[in-house]
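Would you be able to build a 3D model of this:
(one chain, ligands or ions: 1)
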Amino acid sequence: MKPAPFEYIAPESIEQALAALAQYGDEAKILAGGQSLMPLLNMRLTTPGVVVDINGLDELNYIRQQGERLHIGALTRQYRLERDARIRQTVPVLAAATRLIGHPSIRYAGTIGGSLAHADPAAELPAAMCALEAELTVVGPSGSRAIQAVDFFQGALNADVRPDELLTEVRIPIRKNAVWGVREYTRRAGDFALAGAIVLAEIEADRWANGRVVLFGVEDRPLRVSPAEAALTQQALSDGQAAGVAAAAVNGLACHADLHASAEYRKQLARVMVKRACLDAVAMRDGKKGQENMTGSA
Ligand SMILES: Cc1cc2nc3c(=O)[nH]c(=O)nc-3n(C[C@H](O)[C@H](O)[C@H](O)COP(=O)(O)OP(=O)(O)OC[C@H]3O[C@@H](n4cnc5c(N)ncnc54)[C@H](O)[C@@H]3O)c2cc1C
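Predicted coordinates for the structure are as follows:
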């Protein structure tokens, strides 16, 4: 199928983009990498009157370090997140999570902002943003808002960005001595995850600090699991204790069911993914696995 007819606008600045969004409101859709929007347009699952193509906004395409934070423009392509030297050095878990998105051709076109604004519950970048405690900037007619990643994702395909707003930037705190693991289970390489987990912590005097455990693909948004984070943080984690963190992560979890997985199966997958991600982090701490060997797939 082909998309329903729409008017096409290609703004040359953020101001022009915001003016177009203000003028057309609900009628307008922003086009970034098009990897989620184009299929929806082609299948006529969305029929906007106006498409606002932001690909000309070079001012939204950057990766910069400012002090102890990494600033990433919303139009930065996903492939840059996997390859950029600063990201691999300062927040390597982001590069690893990005590598699990679809296929290379999708990551060449897809943007970080598009993935976050699309808010697919099984997507890797929203989960990574929650694990990294990122802050997102959204600009609109009345100025800019800063939103914590965990608050930005409000449900399946539902993010805290209004039709007259533009997601412009992501800011990620850089933390030293971090160990991590990213694991997901997919039916075929490149598919969306049936269930996935990101585990992240810092090593302070042989103990794990600031543990973060995020599940994705299991509920309607990425999920930080406090009991698992507490279990991760309280100890100098060993292989044997990873199972306890995984059990805490899925205790009481109400997964959704679909054609591919029952709720119980998904819960079991989530448990296994957390355990494997913990074991990756333990291996990283013990120097048995470097970042480059973190494949991430189940
Ligand atoms: C075959 C296939 C497999 C895929 N597999 C995966 C996968 O495994 N994991 C995964 O995470 N994703 C996957 N994707 C989706 C891919 O990551 C998309 O790139 C991403 O979801 C959307 O990014 P985009 O830049 O292409 O945005 P677009 O498709 O252009 O836009 C997506 C949505 O976000 C809005 N939007 C875009 N940019 C902004 C902005 N700056 N401010 C406000 N709203 C904005 C658009 O209006 C639209 O509603 C897959 C896609 C395909 C086609």
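
Would you map the strands across the stretch 1-150 of the chain?
Secondary structure of the stretch 1-150 of the chain (DSSP state E, counting those that start in this stretch): strands at 7-9, 28-31, 50-53, 63-66, 69-73, 135-140, 143-148.

In a markdown table, list those strands along with mean neighbour count, mean pLDDT and distance to the ligand.
To be clear about C-beta, it is placed using only N, CA and C from the backbone, and glycine gets the same treatment. A markdown table is the format used below for those (neighbours: other Cβ atoms under 10 Å; pLDDT from 0 to 100; distance: least, Cβ to the nearest ligand atom, whole Å):
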| stretch | mean neighbour count | mean pLDDT | distance to the ligand |
| --- | --- | --- | --- |
| strand 7-9 | 14 | 98 | 13 |
| strand 28-31 | 21 | 98 | 4 |
| strand 50-53 | 20 | 98 | 8 |
| strand 63-66 | 13 | 97 | 16 |
| strand 69-73 | 20 | 98 | 9 |
| strand 135-140 | 20 | 98 | 7 |
| strand 143-148 | 12 | 98 | 12 |
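
What parts of the protein come near the ligand?
Listed as neighbours of the ligand in the chain under the rule Cβ under 6 Å from any ligand atom: 29-37, 39, 74, 101-102, 106, 109-111, 113-115, 117-118, 120, 123-125, 161, 166-167, 192.

now those: which count as buried?
Neighbour counting by 16 or more other Cβ atoms under 10 Å classes 29-37, 74, 101-102, 109-111, 113-115, 117-118, 120, 123-125, 161, 166-167, 192 among the residues of the chain next to the ligand as buried.

Got phi/psi on R171?
phi -120, psi 130 (degrees, to the nearest 10).

what's across from it in the sheet?
Beta bridges link R171 to H71, E135 when assigned by DSSP bridges.

quick check, G181 in a strand?
Yes - assigned with DSSP: H, G, I helix; E, B strand; the rest coil, G181 falls within a strand.

pretty sure it is touching M273, no?
No - if you go by Cβ atoms under 8 Å, G181 and M273 don't touch, sitting 9.0 Å apart.

Find the residues that touch each one of those two.
A197 (Cβ atoms under 8 Å, 6 or more residues apart in numbering).

and the two? which has more neighbours close in?
Taking other Cβ atoms under 10 Å, G181 and M273 do not tie; M273 has more neighbours (31 against 27).

Look up how far Y24 lies from that one.
With distances taken as Cβ to Cβ, to the nearest Å, M273 is found 41 Å from Y24.

The ligand versus N42, what's the distance?
As judged by Cβ to the nearest ligand atom, to the nearest Å, N42 and the ligand stand 11 Å apart.

Contact partners for that residue?
Residues counted as contacts of N42 (Cβ under 8 Å, 6+ apart) are 1-3.

If you go by neighbour count, which of these are buried?
Buried members of the contacts of N42, counted by 16+ other Cβ under 10 Å: P3.

now, which of the contacts of N42 sits nearest C255?
Closest approach to C255 among the contacts of N42 (Cβ to Cβ): M1, at 32.4 Å.

The closest one: what's it in contact with?
M1 sits next to 42-44 when contact means Cβ under 8 Å, 6+ apart.

hang on, V214 packs against L223?
Yes - V214 is in contact with L223 according to Cβ under 8 Å; the separation is 6.6 Å.

Which one's more surrounded, those two?
When V214 and L223 are compared for neighbours, V214 comes out ahead with 29 against 21, by other Cβ under 10 Å.

which secondary structure elements does whichever strand or helix holds that one contact?
Using DSSP states H and E, V214 sits in strand 207-216. Using 3 or more Cβ pairs under 8 Å, 6 or more residues apart in numbering; DSSP states H and E, the elements in contact with strand 207-216 are helix 124-131, strand 195-204, strand 223-224, helix 226-233, helix 239-250, helix 263-285.
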